[in-house]
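Undergrad: What follows is a predicted protein model with its sequence.
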Amino acid sequence: MYGIGRNGGSCDTSLLARILTQGAASPKKEGTMETYRVEELRAELSQLLRKQSEVLQSRTFGGATDTELLEYEIRQEIIHEICDQLAHSVEA
């Protein structure tokens, strides 16, 4: 119905893992705006992924509404955009 799949158009698993763990593994430049923005994006990504997981669990048990599935698709696009932004910042 809404095309919810395992990949769903978001970043691949290895890139996502690297993005989420990069902050802990690399030295930070204290006080830089870029560092703050990256951490902010990581936090937002984490929150969005948690919500996605909740919808998938609900869907598995038949409890996801059409509205929740539509919101899932919108969040999926946002997740993809955040992954792109973070991937570019990780490369830098």
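TA: Arrived safely, thanks for sending. Numbers count the residues shown, from 1 in each chain.
Undergrad: pull the longest helix from the protein.
TA: Ordering each helix of the chain by length in residues (DSSP state H) puts helix 33-60 first.
Undergrad: Just list what that one packs against, helices and strands only.
TA: In this structure, helix 33-60 makes packing contacts with helix 13-25, helix 66-91, judged by 3 or more CB pairs under 8 Å, 6 or more residues apart in numbering; DSSP states H and E. Placement of C-beta: from N, CA and C, glycine included.
Undergrad: lowest-confidence stretch among those helices?
TA: For the helices and strands packed on helix 33-60, mean pLDDT drops lowest on helix 13-25, to a mean of 58.
Undergrad: follow-up on the earlier one: got the angle between the longest helix of the chain and helix 66-91?
TA: Interaxial angle of helix 33-60 relative to helix 66-91 (axes from the mean of the first three to the mean of the last three CA atoms, to 10 degrees): 150 degrees.
Undergrad: pLDDT of helix 33-60, averaged?
TA: Computed over helix 33-60, the mean pLDDT rounds to 93.
Undergrad: buried set for that helix?
TA: Residues of helix 33-60 classed as buried: 38, 41-42, 45, 48-49, 52, 55, 59 (neighbour count, 16 or more other CB atoms under 10 Å).
Undergrad: check contacts around residue 81.
TA: If you count contacts by CB atoms under 8 Å, 6 or more residues apart in numbering, residue 81 has none.
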